[in-house]
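Peer 1: Sequence and predicted model, in that order:
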Amino acid sequence: MLPLAEALAQGTLLAQLTLPDEPTRMRPDEALWDTKLLLGVILDKPVAEGATTADLGPKTLPMVQAHDASGQALLAAFTEESELGAFYPQATGAILMPLRHALKQALAQGCTGLVINPASPLGCRLDAPLIQAWMSEGL
């Protein structure tokens, strides 16, 4: 099991990303930060195999989002294609991106955070203030 998927299954992802005594400080665990996530995209035509965000213009690329109870948009990220399909089967494709870049992408898309596997009871939400704190540390 991948480190991120294992942390989600155990409900410990946030604890594994942060320092124990300083919850806004990022823990330097490269394996976890570089774990690949799927970001679902919504296009008129499918994403070409092997396409990257650089090919597609990530800041304007329509990506799958989730909304919380107050209507705030969160960029949705997924550990598996089945998770993406369970949440948003209309996605026309997906882009693979490391967690550290997906967090930055959430802010670039104007979202208030990132939610991993939003259809799962084991999903995890990471809000913009925490992402911004990590970015100030060099995320």
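Peer 2: Done, it's in. Residues are numbered from 1 along each chain as shown.
Peer 1: For the residue located most distally from the centre of the chain, give its distance to Thr12.
Peer 2: Residue farthest from the centre of the chain, counting by C-alpha atoms, centre = their mean, is Asp21 at 24.4 Å. Distance, Asp21 to Thr12, using C-beta to C-beta, to the nearest Å: 16 Å. Heads up, the C-betas are built off the backbone N, CA and C, glycines and all.
Peer 1: cool, Ala5 as well?
Peer 2: Look at Ala5 and Thr12: by C-beta to C-beta, they are 12 Å apart.
Peer 1: Show me which of those two is the more surrounded one.
Peer 2: Counted by other C-beta atoms under 10 Å, Ala5 and Thr12 do not tie: Ala5 has more neighbours, with 17 against 12.
Peer 1: In contact with the more buried one, which residues?
Peer 2: Applying C-beta atoms under 8 Å, 6 or more residues apart in numbering, we find Ala5 in contact with 79-80.
Peer 1: now Ile131
Peer 2: Going by C-beta under 8 Å, 6+ apart, Ile131 touches 103-104, 106-107, 113-114, 139.
Peer 1: do that again at 7 Å, thanks
Peer 2: Residues touching Ile131, when contacts are defined by C-beta atoms under 7 Å, 6 or more residues apart in numbering, comprise 103, 106-107, 113.
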